[in-house]
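In: Let's see this in three dimensions:
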Amino acid sequence: MRKSLLVLALALLLAGCSAAPGDSPAPEPVDAVLVDQAPWFATFRVVAGAETGNLVLAANGGSAGEVYTLSTEGLSLDRPVENGELINVYYEIVLETYPAQFGGVTAVEHTRTERDDRCGLYLQVLEDLWEADPGLNTDLEELGVDFSGLTDLTESEKSALAWVFGNAHGLMPITGTLEEIWQAGYLTPMTEPAEGQEDSVSLYRWENGCLFVLTGSAEDGFDAEKWTSGIGAYMFVDCTVRQNADGTWTYEVGAEAIS
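Out: Residues are numbered from 1 along each chain as shown. Predicted coordinates:
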């Protein structure tokens, strides 16, 4: 019975907590580790917060919405936790907030995997894009993110990335492609389609918001864009990346474009 309840709780956890106008793709199957009694444990990617001890975690290999926070204050650690590493968390319960929180944490342990802070890479890209042509995202009331084109993050890591970025700017991110955000009614028409022509997202603008889009991967290169309308967008194009010995990443922009 205890095992069955654990599986059910993990399956239902945060199923409807993310703000997304479009349906999320089906998650890849993840092997579950079951134990007979508390404390339970699971493995998580440290996405952000290591500097302050207020960690934002993504379930390792998890599906969209599996985002957690954890304070390391008062926990016994053999060494500090770093962004980008995998850790095991031992806990009694999970509180159904968003992000989720742990109750009764008994231990946090480092795993023997190499650190890979590509979430930190993409957070830096998003912040650099935020600062470029800042008029496009000044006084935002709504913040859109589309990471569906990123091929080297899990769905849980994308959710955590979105939450950290939104939280840094005081907004709950709206996830979805431009087409999905248009269909969900967030955009305002700038003009009517010409006679005989179909309505198009190119005729709209996001009056109170801005959509941030990342596509590609660290290995193959990526693009980054922020969009408020067809005549209000800024792009980092053909970005190249290299991984440092400590597991962090640095990038260079191939070209910048504005419309």
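In: Where in the protein is the helix or strand with the lowest mean pLDDT?
Out: When the helices and strands of the chain are scored by mean pLDDT, DSSP states H and E, helix 2-12 comes last with a mean of 37.
In: Next secondary structure after that helix?
Out: With elements assigned by DSSP states H and E, the helix or strand that comes after helix 2-12 is strand 40-48.
In: How about residues contacting the helix or strand following that following strand?
Out: Following the chain from strand 40-48 toward its C-terminal end, the next helix or strand by DSSP H and E is strand 54-59. Applying Cβ atoms under 8 Å, 6 or more residues apart in numbering, the external contacts of strand 54-59 come out as 30, 42-49, 66-72, 81, 87, 89, 99, 119, 154, 156-157, 159-160, 163-164. Just so you know, the C-beta spots here come from the backbone N, C-alpha and C atoms, and that holds for glycine as well.
In: how about the helix or strand that strand 54-59 is followed by: buried residues?
Out: Where DSSP H and E defines the elements, the next helix or strand beyond strand 54-59 is strand 67-71. For strand 67-71, a neighbour-count test (16 or more other Cβ atoms under 10 Å) marks 67-70 as buried.
In: Taking these, tell me the two that lie furthest apart.
Out: Greatest spatial distance among the buried residues of strand 67-71 (Cβ to Cβ): 67 and 70, at 11.0 Å.
In: quick one: pLDDT of the residue nearest to the spatial centre of the chain?
Out: What sits nearest the mean C-alpha location of the chain, by Cα atoms, centre = their mean, is residue 161, with 2.4 Å. Residue 161 carries a pLDDT value of 98.
In: Pretty sure residue 163 sits against residue 99.
Out: Yes. Look at residue 163 against residue 99 with Cβ atoms under 8 Å: they come within range, at 6.2 Å.
In: neighbour-wise, which of those two wins?
Out: Using other Cβ atoms under 10 Å as the criterion, residue 163 and residue 99 rank with residue 163 on top: 24 against 21.
In: contacting residues around that one?
Out: By Cβ under 8 Å, 6+ apart, the residues touching residue 163 are 56, 67, 99, 173.
In: and which of those residues is nearest residue 125?
Out: For the contacts of residue 163, the residue nearest residue 125 by Cβ to Cβ is residue 173; the value is 15.3 Å.
In: Next, work out how far apart that closest one and residue 111 are.
Out: 28 Å (Cβ to Cβ, to the nearest Å).
In: Then residue 212?
Out: Note on residue 212: its distance to residue 111, by Cβ to Cβ, is 31 Å.
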